[in-house]
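Peer 1: sharing a model prediction with you, sequence too.
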Amino acid sequence: MFQATTDRVDWRFLSANNRSIARSVHDFPDAYACLNSLTELIKGLDGANVVTVRNGQGMWHWQLRAGAVALAVSSRQYQRRIRAHAAGGGFLTLAKQVHDVTGLQLVSFDRADT
């Protein structure tokens, strides 16, 4: 979980080499609300689908959705739809391996420096 100087919190799903794969759709008022959202995300993975979306610049990104509700979004954009869909599927596979979110770390940073 990441906390900026604005005291808002969001979560990021990082790969083994510390690259961001996915992030929360919204930010949260505190770490507790963010942790609750992660718990709900993990519970809702079996009914979730990967959907690809094209932005105004012609780039693709993926969203993990349960019905019409977006649960997670890609951290990056892709030139090809098939790459975006594959990356979303990879996230879904990895996220299904998470069973406990209580050991997560809260990391603070100043967004002005990023």
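Peer 2: Perfect, I can see it now. In this text the structure is predicted, and so the values were computed from the model without any measurement.
Peer 1: please name the bridge partners of residue 53.
Peer 2: Residue 53 has these beta-bridge partners by DSSP bridges: residue 61.
Peer 1: and it, how far from residue 65?
Peer 2: Residue 53 is 10 Å from residue 65, where distance means Cβ to Cβ, to the nearest Å. (Glycine included, C-beta is placed from N, CA and C.)
Peer 1: same question, residue 82
Peer 2: Counting by Cβ to Cβ, the gap from residue 82 to residue 65 is 18 Å.
Peer 1: which one's more surrounded, residue 53 and residue 65?
Peer 2: residue 65 (20 against 15; other Cβ atoms under 10 Å).
Peer 1: ok, then the element right after the helix or strand harbouring that one?
Peer 2: Secondary structure assigned from DSSP states H and E places residue 65 in strand 60-66. Counting by DSSP H and E, the next helix or strand C-terminal to strand 60-66 is strand 69-74.
Peer 1: quick one: strands adjacent to that following strand?
Peer 2: Strand 69-74 is paired, per DSSP bridges, with strand 20-23 (antiparallel), strand 60-66 (antiparallel).
Peer 1: what is the mean pLDDT for the first one?
Peer 2: Okay, so that is strand 20-23. The average pLDDT within strand 20-23 is 93.
Peer 1: in that strand, what's buried?
Peer 2: Neighbour-count burial for strand 20-23 flags 21-23 (criterion: 16 or more other Cβ atoms under 10 Å).
Peer 1: ok, the residue nearest to the spatial centre of the chain - contacts?
Peer 2: Centrality entry for the chain: nearest residue to the mean C-alpha point is residue 23, 2.4 Å, by Cα atoms, centre = their mean. Taking Cβ atoms under 8 Å, 6 or more residues apart in numbering, we find residue 23 in contact with 10-13, 72-75.
Peer 1: ok, 10 Å please
Peer 2: Taking Cβ atoms under 10 Å, 6 or more residues apart in numbering, we find residue 23 in contact with 2, 10-14, 72-76.
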